[in-house]
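Trainee: Provide a 3D model corresponding to the input given below.
(one chain, ligands or ions: 2)
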Amino acid sequence: MSSGSGRPRALVTGVTGQDGSYLAEQLLGEGWDVWGLARPASQPGNTRWIDHLLRGNDESGPRLRLIAGDLADASSLDRAMATVQPDEIYNLGAQSHVQVSFELPAATGQVTGLGVLRLLEAMRRHCPRARFYQASSSELYGQVVESPQNETTRFYPRSPYAAAKAYGFHITRNYREAYGLFAVNGILFNHESPRRGENFVTRKIALAAARIRAGLQERVHLGNLSSRRDWGFAGEYVEAMRLMLRVEQPEDYVIATGDTRSVREFCEIAFAHAGLPLTWRGSGASEQGLDEDGRVLVAVDPRYFRKAEVDALRGDAGLARERLGWQPRVTFRQLVEMMVDAELEAVGLTAG
Ligand code: NAP
Ligand code: G4F
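Mentor: Ligands and ions are numbered 1, 2, ... in the order given. Have a look, this model is predicted:
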């Protein structure tokens with residue numbers, strides 16, 4: 001696989017996000033030319049996680065280049081595809097926040113749903129022999145009908161985000177079947193890292209634990225503490241994306257750890273690691289997490305409750321283990337501690 005420079009080329013949408021930055025790093029490490037599709041920003045500032053890759057550009061070595069585009073704008077995708085002529089396309093761009101999708105349902109549908117179609121159409125026109133990865137989500141399972149969830153579990157989306165991802169899933173599969181494209185869905189369960197957006201619950205908790213320990217914040221307000229997720233490490237999950245495009249037959253895969261934990265458990269490990277072990281008082285909307293001196297460090301705020309919640313997710317990645325040889329290595333505790341360590345370091349502290 002190669003084109004142009006002789007090196008294979010990848011086009012990554014969502015390159016400024018958590019997964020995009022890890023994926024671009026890995027592809028560059030493999031010697032690929034990587035083009036990141038990025039929305040032209042009216043102000044600089046969202047390239048924090050890829051600045052080191054952009055700085056690394058040189059004449060001879062592999063490099064990350066940005067190309068302007070928006071999943072809501074078909075002409076920009078057409079131009080990007082014609083310019084890059086990629087061998088692999090990773091569609092990671094999305095309005096990816098579930099709660100936000102209730103506030104911006106149509107915009108979420110345009111980008112997270114129809115954006116997939118626009119990209120597939122541009123691929124069909126300019127590089128039908130490329131391989132296409134769609135970032136599908138465990139949110140598709142929503143109100144789960146069985147546990148653990150695997151590739152055959154029925155979908156029950158519970159948010160405008162999940163409904164848009166359901167469209168993206170089906171249109172990807174349809175373009176595979178109708179046009180013979182190599183187009184696959186990775187149904188990834190929650191994956192986190194120090195690069196997670198600050199408004200997702202894991203990063204919000206890790207950030208708060210470190211900032212409270214440093215005296216920079218008094219407490220953190222959260223929503224549903226009983227919600228359970230199958231949380232893995234993002235760096236490992238993007239490895240699975242690459243593997244899915246390197247096998248002979250295009251297929252859809254679940255990527256998960258098989259372990260399910262509550263938001264409350266995440267808080268307990270995070271705060272203990274920051275030297276602030278918690279005890280709990282109350283329940284539901286009045287639940288609180290207190291430190292050894294009785295100070296409230298975690299408080300529930302119903303503003304963060306979802307209009308329709310996904311109560312519990314747990315994935316079965318057996319197919320990926322069998323066909324791709326993929327399995328997770330980082331445990332839940334290691335993930336939480338990695339995230340808290342990063343935030344402690346950012347405020348000049350260490351664990352304990
Ligand atoms: P993320 O950090 O929120 O990144 C989202 C990316 O999408 C950002 O680069 C953002 O760019 C870009 N984007 C937003 N709107 C766009 C538009 N209109 N056109 C082009 N790009 C746009 O998300 P992530 O956690 O890395 O997740 C990557 C993908 O996997 C997403 O599709 C997400 O829905 C899906 N997913 C994530 C998880 C998870 O647990 N992380 C699980 C399953 C599936 P800006 O910098 O311009 O905002
Ligand atoms: O961190 P979250 O916002 O992630 P959520 O909703 O599971 O979605 C993430 O994972 C999906 C994969 O399943 C991706 F497709 C999606 O793009 C995104 O990356 O919330 C996790 C849980 C929810 O049940 C939420 O109600 O945490 C609960 N929660 C409790 N307090 C909170 C908060 N979530 C957020 N964001 N903020 C809180 O204060």
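Trainee: for the protein, where's the lowest mean pLDDT among helices and strands?
Mentor: helix 51-55 (a mean of 90; mean pLDDT, DSSP states H and E).
Trainee: what's that helix in contact with?
Mentor: Applying Cβ atoms under 8 Å, 6 or more residues apart in numbering, the contact partners of helix 51-55 are Ser21, Ala24, Glu25, Leu28, Val34, Thr47, Arg63, Leu64, Leu66. For the C-beta atoms, the positions are set from N, CA and C on the backbone; glycine is no exception.
Trainee: please see if it touches ligand 1.
Mentor: No. Residues of helix 51-55 are not located near ligand 1 by Cβ under 6 Å from any ligand atom, the shortest gap being 12.7 Å.
Trainee: wait, isn't Gln18 in contact with Gly235?
Mentor: No. Gln18 is beyond contact range of Gly235, at 9.7 Å (criterion: Cβ atoms under 8 Å).
Trainee: name the residues contacting each of these two.
Mentor: With Cβ under 8 Å, 6+ apart as the test, Gln18 and Gly235 both reach Ser193.
Trainee: looking at those two, which is more packed in?
Mentor: Gln18 (24 against 20; other Cβ atoms under 10 Å).
Trainee: mind checking the SS state of the residue lying closest to that one once chain neighbours are set aside?
Mentor: Spatial nearest neighbour of Gln18, excluding adjacent residues (Cβ to Cβ, 6 or more residues apart in numbering): Arg195 at 4.4 Å. Using DSSP: H, G, I helix; E, B strand; the rest coil, the structure places Arg195 in coil.
Trainee: quick one: buried residues of the least confident helix or strand of the chain?
Mentor: Leu53 (16 or more other Cβ atoms under 10 Å).
Trainee: tell me how this protein divides into domains.
Mentor: 9-192+231-259, 201-229+261-311+331-346 (automatic domain parsing).
Trainee: any idea which of the ones you listed gets closest to Leu319?
Mentor: For Leu319, the closest of the domains of the chain is domain 9-192+231-259, at 5.7 Å, according to Cβ to Cβ.
Trainee: tell me how far the ends of that closest one are from each other?
Mentor: Using Cα to Cα, to the nearest Å, one end of domain 9-192+231-259 lies 35 Å from the other.
Trainee: what do you get for stretch 205-222?
Mentor: So stretch 205-222: terminal residues 9 Å apart, Cα to Cα.
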